[in-house]
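Colleague: I would like the atomic coordinates for the input below:
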Amino acid sequence: MGRSFMYGVSALGHKGGDHTISLLKTELQQVMEQICCERVEDLPKHLLIK
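Modeller: The predicted model follows:
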């Protein structure tokens, strides 16, 4: 996760970190919607462990 923030800050300065967290938050929300998971706490129930 650290590298993403470094790229964001390098490209956009102080606003880059905020932009990076916004992108990651959006991606997490989209994935949770795709797997019908309403809360982050419920994610382990959706994992396939072999």
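
Colleague: and V31, how many neighbours?
Modeller: If you count neighbours by other C-beta atoms under 10 Å, V31 ends up with 12. All C-beta atoms are positioned from the backbone trio N, CA, C, and that covers glycine.

Colleague: That should have said D18, apologies.
Modeller: So D18, with other C-beta under 10 Å, has 13 neighbours.

Colleague: Which of the residues in the helix or strand hosting Q29 are classified as buried?
Modeller: Take DSSP states H and E as the rule and Q29 turns out to sit in helix 14-34. Using 16 or more other C-beta atoms under 10 Å as the test for burial, helix 14-34 gives G16, T20, M32.

Colleague: Stretch 26-36 - what's its average pLDDT?
Modeller: The average pLDDT for stretch 26-36 rounds to 92.

Colleague: same check, this time on stretch 7-16
Modeller: 91.

Colleague: picking that back up, gap between the helix holding Q29 and the chain center?
Modeller: With C-alpha atoms, centre = their mean, to the nearest Å as the basis, helix 14-34 stands 5 Å off its chain's centre.

Colleague: which residues are in contact with that helix?
Modeller: With C-beta atoms under 8 Å, 6 or more residues apart in numbering as the test, helix 14-34 has contacts from M1, S4, F5, Y7, G8, V9, S10, L12, E38, V40, L43.

Colleague: Mind giving me the PyMOL command for buried ones among these?
Modeller: Of the contacts of helix 14-34, the buried ones can be selected in PyMOL as follows, counting by 16+ other C-beta under 10 Å:
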select buried, resi 5+8+9
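
Colleague: Okay, and which of the contacts of helix 14-34 map to strands?
Modeller: Counting by DSSP state E, the contacts of helix 14-34 place none of their members in strands.

Colleague: Quickly name whichever of the contacts of helix 14-34 is closest to I49.
Modeller: L43 (12.4 Å; C-beta to C-beta).
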